[in-house]
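S.K.: based on what follows, work out the 3D shape:
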Amino acid sequence: MAIAGAIVLLVTLVVLGGYFFYRSLPGNSDVLVPSESGALSAPSEPDASAEDTEVLRIQVVGESSDVLVRIPGGEVLIDTTMTQGEYVSYDKPRMDVTLGTPSAVEVRVNGDPRDVSEEDPDYTFTAVAE
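M.R.: Next up is the predicted model:
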């Protein structure tokens with residue numbers, strides 16, 4: 001009987017561990033937390049002073065898009081699926097950006113709009129601070 005109890009306890013712990021691990025993965029929860037200086041938020045109007053310091057701003061205007069932003073040769077800043085109304089902004093000096101569905105996003109680099117609406121899926125470019 002003790003062995004059966006130990007097996008049930010082990011299975012329960014494995015299932016709970018798997019569940020909480022799955023919930024901690026990006027894109028599987030309602031809260032998205034970017035690292036360091038990035039900001040990810042639900043729909044709202046951006047602060048004008050914040051736009052002056054943003055090197056990169058990506059806002060989803062379509063249904064959704066996969067977004068990957070990373071520092072070349074280093075840290076991944078965000079790698080998730082963003083939905084309509086969400087945006088992310090960073091002020092790093094140089095970033096590699098990959099957009100899963102470019103037609104679903106609006107991009108600004110150093111405050112200037114960058115038209116990516118006609119690009120192919122998984123479009124990649126580099127954003128460099130001026």
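
S.K.: got the domain ranges for this structure?
M.R.: 1-30, 32-128 (automatic domain parsing).

S.K.: Throw those domains into CSV and include mean pLDDT and mean neighbour count, thanks.
M.R.: For every residue, glycine as well, the C-beta is placed using N, CA and C. Below are the domains of the chain laid out as CSV (pLDDT from 0 to 100; neighbours: other Cβ atoms under 10 Å):
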stretch, mean pLDDT, mean neighbour count
domain 1-30, 79, 9
domain 32-128, 83, 16
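
S.K.: tell me where this protein has helices.
M.R.: Using DSSP state H, the helices found in the chain span residues 2-24, 48-53.

S.K.: all strands of the chain, in order?
M.R.: Assigned by DSSP state E, the chain shows strands spanning 39-41, 56-60, 64-70, 76-83, 87-90, 94-99, 105-109, 112-114, 123-128.

S.K.: got TSV for the ones you listed, with distance to M1 too?
M.R.: What follows is those, written out as TSV (distance: least, Cβ to Cβ, whole Å):
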stretch	distance to M1
strand 39-41	50
strand 56-60	55
strand 64-70	50
strand 76-83	46
strand 87-90	54
strand 94-99	55
strand 105-109	58
strand 112-114	67
strand 123-128	59
